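Asker: Quick one, fold the following:
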Amino acid sequence: MSNAKERKHAKKMRNQPTNVTLSSGFVADRGVKHRNRGGKPFQAQRQEPHYGTSRQRQTKMTPHSLLEPDVNEPSSSKVMFKKKGGWKAGPEGTSQEIPKYITASTFAQARAAEISAMLKAVTQKSSNSLVFQTLPRHMRRRAMSHNVKRLPRRLQEIAQKEAEKAVHQKKEHSKNKCHKARRCHINRMLEFNRRQKKNIWLETHIWHAKRFHMVKKWGYCLGERPTAKSHRACYRAMTQHCLLQDLSYYCCLELKGREEEILKALSQMCSIDTGLTFAAVHCLSGKRQGSVMLYRANKYPREMLGPVTFIWKSEMIPGDTSESRQLWIWLHPAVKQDILEEIKAVCQCTEPIKSTVCIPELLTSSQEKNHTELPDEKIGKKRKRKGDGENTKPIKKVVGDGTRDPCQPYSWISPATGIIISDLTMEMNRFRLIGPLSHSILTEALKVASVHTGGEDAEKTPHRWWIETCENPGSISLHRRQEAVFELLGGITSPAEIPAGTILGLTVGDPRVNLPQKKSKALSNPEKCQDNEKVRQLLLEGVPVECTHSFIWNQDICKSVTENKISDQDLNRKRSELLVPGSQLVLGPHESKIPILLIQQPGKMTGEDQLGWGSGWDVLLPKGWGMAFWIPFIYRGARVGGLKEAAVHSQYKRSPNIPGDFPDCPAGILFAEEQAKTLLEKYKRRPPAKRPNYVKLGTVAPFCCPWEHLTQDWESRVQAQEESSAASSPNGEETDLRRHMVPCVPTPEKTHQLSNEVGTSVNDPREPEEVMDTDCQDQAGTKMVMYPDAGENHVAAANSQLFVLRSRKLLKQLSAWCGPCSEESRAARRAPGRGQQELTREACLSIMDHFPRALVWVSLSLLRKGSPEPHTMICVPAKEDLLQLSQDQHYCGPQEAKHSDLFKRKILKQKEKKKLEKRQNRGCATSEGLGAGDPATGQEALTLGLWSGPLPRVTSHCSRVLLGFVTQGDFSMAVGHGEALGFVSLTGLLDMLSSQPPAQRGLVLLRPPASVQYRFSRVAIEV
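Answerer: The predicted structure follows:
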């Protein structure tokens, strides 16, 4: 018998019971000898008899030994020998006689042991798998692991016993800590405070991080978009319900001083030509919020800094003659530093003072050391920080700006004017509620604070400021009036009915006390307000001036409110101690009183359609109370949006988004550079076969908008047109000759020739790189492209800086010219009350001379299908395009001819040169190879599919003359087709409008960067 078979037989026999013996005789001839593996003879061992007892000693069986029966027992019928293939009968094959008698007790005991061993082997599992895992795969079901009835009936009983075992039972969790808290041995407060050193966290950061895609922008960690698919849901919330956004990352600058001095200083940074300024009557009284565009001092209309909103603090008493006023300027963090430096310069605030802003306490050096030493502890043992103990100072949560340097000043004073400038960034929370039900959510989530009565114990309450306020009858009367106005908001259909920028001050109780047990949707109830006269007065005049007062202007009160806030743990403990679970929790005088400020947001205010869309309310509240107000707003039906939803909101309002839609602002220029860098890296990550070739598509700048080149080219074109017109018609008569010499609207035949001249034909014997090198050398000497006939006046005008036209008077005039007009509309426009002039060449030239390098903010609406995207080109349609559109209303638009790639052969030559140099340097030493350097060093790296080197004339590079670019665009769910927003050259717009027929005036072509299809769109300027 081979070794493998012996091991297999031993494995089968190892589970046999030890008390089972073979009592029959197996050896016929005791004298027979057997040989083992070594060839030595051996004789079977004899089993010793045990008379008078049922126990028998089991003989040890070896693979090469035979069992010898008891002397007193008769032999069996056959002699068994170990042979090849198993146990077989003896060599003689003779049968033995049947035993004459057996011992009954011994025989029965041996058979009982065998039966029990057999039953045990049958019932005992040979593997660790469960019962349902023993089934065939086609019979298994997922529910079998927790539902016994899913198994076949014959296995249900066994599975039930398995489920009752302690191994499969769920472990009881600790009641004092959750699962994550038991696994985490670090102090989360320390970890969160450490992570806020580089980027500021909002108070709602943890809530956003669990539900949003987070991005790091402008020094903050902000939620970009929800992880769930909610684009349409957010639009429905803005249109029909309420959308909630956290705008606490917006910065606040506070100016204190005399009103005359503040207005005198800030008047240098703004112009009344763009709209209302800081001196507006309604804004100066503190009744309304204002918005203004800020420029560098006395630099209007150039060197724009950014848009801001501002609030003046109203006088609490109408007869107050105090000269000191308080002004809050709210601005985007991207434009904060530039505006702050300019305000300090115009206000002459050069001396820093000790800041009154509470600097949050961060990690100390010892805490940081203990915190970093935690991972070095032994794993498996409960780790404790060395500083933990009874005398250890509790760690405070960072409230506000965690990146502030305590040594850096945040307040400045002017010795000459007495103006004090303070940086209140992150000292307040600002939430924005957008939608028609935003005021309904406010009225349900917020309850006006109760007035303190004298019968209550005033010594135990921490809110001393509220007790002192309630002791003044005038303050109580004002509080009642504010409560009455706040209750009237519940009966208003939409926030757009209230005057734009209305401000209401309030003092409310803790909103966590009124938190509902389940989420609900707040609805407007017009029947709630029975006094229709008061509602009508509120809609016409707005909130009274005295009702705009709020204690949030007092920093000491805000600090007290933040420090004396009841923690969520204490509030939940008191709620659990209620006799009736779920009943109203009454805190009495210990309830916090929070001063807030409500600011109405007007929504869409330009144009003629959808006026008031996107209106809502902004809520200003002290720091530390962000989540206490955030959760109640959500429980009333508000849907939360991020940065993407904010961009969609501004796009549907057709207003520029900060900072991407401000190309003349330093923050806008920086944003465009970062965006171009990101898109370029994304483009290079794809292989050349899986990305568009923008050179062949005729797209010069697919990732950025070259505004400087655009305005320079249009300025050169118009200047050349005027000079050629003056040379051809000295009597001042306009002819078509000037348009033939410098075509503004080229014909398709001429554009085909133009594209062939810019590109490289197949039959051209010159190499593409040589042609491009010549062109680049011609353009490398100057940043602008000039025509040879340009004069000195043109060069002086070209040196002027790029800016965006924001004069309301001129924008209204352009808006009237952009639309198609008939004879009746022209007569109405020339009416004396309108004050608008007719579109003539002289009027256009007058505007061009004053603003040669200006951009105009326009909105574009596609006539048919098409979804525009950022960096889409806005082009001037040719005469043939307009003619074909008038003949066929379903005409989609022309297509751009394919351009030749001028850089492809150059890139291939560079690659071959690199390969050749690598082969030559293989045999050289490493030092020599490093000394040789990269062959591409010193010259710009070329990318297949992108234009390299100085840009050509962007206006005439393609078959249709370029007019501008789109900055934001998409399919609009508000109108049901594609819409876009962008900028066009003022010079090009006037030239196009003057050349188009009146019935088709304002039609342009849109072409995405990765497409050759032009699509018709109508341009509009909304003021």
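
Asker: buried set for stretch 607-623?
Answerer: Residues 613-623 are the ones in stretch 607-623 that count as buried (16 or more other CB atoms under 10 Å). Heads up, the C-betas are built off the backbone N, CA and C, glycines and all.

Asker: Tell me the one of those nearest Tyr101?
Answerer: Nearest to Tyr101 among the buried residues of stretch 607-623: Lys623, at 103.1 Å, using CB to CB.

Asker: Now for that closest one: which residues touch it?
Answerer: 203, 399-400, 426-429, 558, 562 (CB atoms under 8 Å, 6 or more residues apart in numbering).

Asker: separation between it and Val131?
Answerer: In this structure, Lys623 and Val131 are separated by 60 Å, where distance is defined by CB to CB, to the nearest Å.

Asker: Also Gly893?
Answerer: Following CB to CB, the distance that separates Gly893 from Val131 is 70 Å.

Asker: and if you look at Val984?
Answerer: Val984 sits 75 Å away from Val131, going by CB to CB.

Asker: ok, now Val1019?
Answerer: Distance of Val1019 to Val131, given as CB to CB: 74 Å.

Asker: Among the two, which residue is more densely surrounded?
Answerer: The neighbour comparison of Val1019 against Val131 (other CB atoms under 10 Å) goes to Val1019, with 25 against 20.

Asker: Contacts for the strand or helix carrying that one next, please.
Answerer: Here Val1019, judged by DSSP states H and E, is contained in strand 1015-1020. The set of residues that contact strand 1015-1020 without belonging to it, under CB under 8 Å, 6+ apart, is 607, 815, 818-819, 858-866, 868, 874, 877, 881, 885, 891-893, 980, 984, 989, 1002-1007.

Asker: So which of the residues you listed sit within strands?
Answerer: The members of these that map onto strands under DSSP state E are 858-862, 874, 980, 984, 1003-1007.

Asker: Buried among those? Need that as a selection in PyMOL.
Answerer: A single PyMOL command suffices to select whichever of the ones in strands among the contacts of strand 1015-1020 are buried according to 16+ other CB under 10 Å:
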select buried, resi 858+859+860+862+874+980+984+1003+1004+1005+1006+1007
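
Asker: Return the member of the ones in strands among the contacts of strand 1015-1020 nearest to Asp510.
Answerer: The shortest approach to Asp510 among these belongs to Ser859, at 44.6 Å (CB to CB).

Asker: shouldn't the closest one be in contact with Ala980?
Answerer: Yes - at 7.5 Å, Ser859 and Ala980 qualify as touching, with contact defined as CB atoms under 8 Å.

Asker: what's the distance between Lys198 and Pro659?
Answerer: Taking CB to CB as the criterion, Lys198 is separated from Pro659 by 21 Å.

Asker: These two: which is more packed in?
Answerer: With neighbours defined as other CB under 10 Å, Lys198 and Pro659 compare such that Pro659 has more, 22 against 11.

Asker: nearest spatial neighbour of that one, skipping sequence neighbours?
Answerer: Distance criterion CB to CB, 6 or more residues apart in numbering; nearest residue to Pro659, sequence neighbours excluded, is Ala667 at 4.0 Å.

Asker: where's the one you found, which helix or strand?
Answerer: Element membership of Ala667 [criterion: DSSP H and E] is helix 666-685.

Asker: What residues of that helix count as buried?
Answerer: Result for helix 666-685 [16+ other CB under 10 Å]: buried residues 666-668, 671-672, 675-676, 679, 683.

Asker: packing partners for it?
Answerer: Contact here means 3 or more CB pairs under 8 Å, 6 or more residues apart in numbering; DSSP states H and E; on that basis helix 666-685 packs against no helix or strand.

Asker: Just the CA trace of that helix, in PDB.
Answerer: Output in PDB follows, covering the C-alpha atoms of helix 666-685 (Å, rounded to 0.1, in the frame of the first residue of the first chain):
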ATOM      1  CA  PRO A 666      -8.200  92.100 -10.500                       C
ATOM      2  CA  ALA A 667     -10.100  89.300  -8.900                       C
ATOM      3  CA  GLY A 668     -11.800  88.500 -12.200                       C
ATOM      4  CA  ILE A 669      -8.500  88.400 -14.100                       C
ATOM      5  CA  LEU A 670      -7.000  86.100 -11.400                       C
ATOM      6  CA  PHE A 671     -10.100  83.800 -11.600                       C
ATOM      7  CA  ALA A 672      -9.800  83.600 -15.400                       C
ATOM      8  CA  GLU A 673      -6.100  82.600 -15.200                       C
ATOM      9  CA  GLU A 674      -6.800  79.900 -12.600                       C
ATOM     10  CA  GLN A 675      -9.800  78.600 -14.700                       C
ATOM     11  CA  ALA A 676      -7.700  78.500 -17.900                       C
ATOM     12  CA  LYS A 677      -4.900  76.600 -16.000                       C
ATOM     13  CA  THR A 678      -7.400  74.000 -14.700                       C
ATOM     14  CA  LEU A 679      -9.000  73.500 -18.100                       C
ATOM     15  CA  LEU A 680      -5.600  73.200 -19.800                       C
ATOM     16  CA  GLU A 681      -4.500  70.500 -17.400                       C
ATOM     17  CA  LYS A 682      -7.700  68.600 -17.900                       C
ATOM     18  CA  TYR A 683      -7.300  68.900 -21.700                       C
ATOM     19  CA  LYS A 684      -3.700  67.600 -21.500                       C
ATOM     20  CA  ARG A 685      -4.700  64.500 -19.500                       C
END
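
Asker: Tell me who's in contact with the residue nearest to Pro659.
Answerer: The neighbours of Ala667, taking CB under 8 Å, 6+ apart as the test, are 306, 332, 334-335, 338, 658-659.

Asker: could those residues be laid out in JSON lines, adding secondary structure, pLDDT and distance to Ile98?
Answerer: Below are the contacts of Ala667 laid out as JSON lines (DSSP: H, G, I helix; E, B strand; the rest coil; pLDDT from 0 to 100; distance: CB to CB, whole Å):
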{"residue": "Gly306", "secondary structure": "strand", "pLDDT": "91", "distance to Ile98": "115"}
{"residue": "His332", "secondary structure": "coil", "pLDDT": "94", "distance to Ile98": "109"}
{"residue": "Ala334", "secondary structure": "helix", "pLDDT": "93", "distance to Ile98": "108"}
{"residue": "Val335", "secondary structure": "helix", "pLDDT": "92", "distance to Ile98": "112"}
{"residue": "Asp338", "secondary structure": "helix", "pLDDT": "92", "distance to Ile98": "116"}
{"residue": "Ile658", "secondary structure": "coil", "pLDDT": "90", "distance to Ile98": "109"}
{"residue": "Pro659", "secondary structure": "coil", "pLDDT": "91", "distance to Ile98": "109"}
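
Asker: Out of those, who's the most crowded?
Answerer: Highest neighbour count within the contacts of Ala667: Val335, with 24 neighbours (other CB under 10 Å).

Asker: Please consider this matter closed, and thank you.
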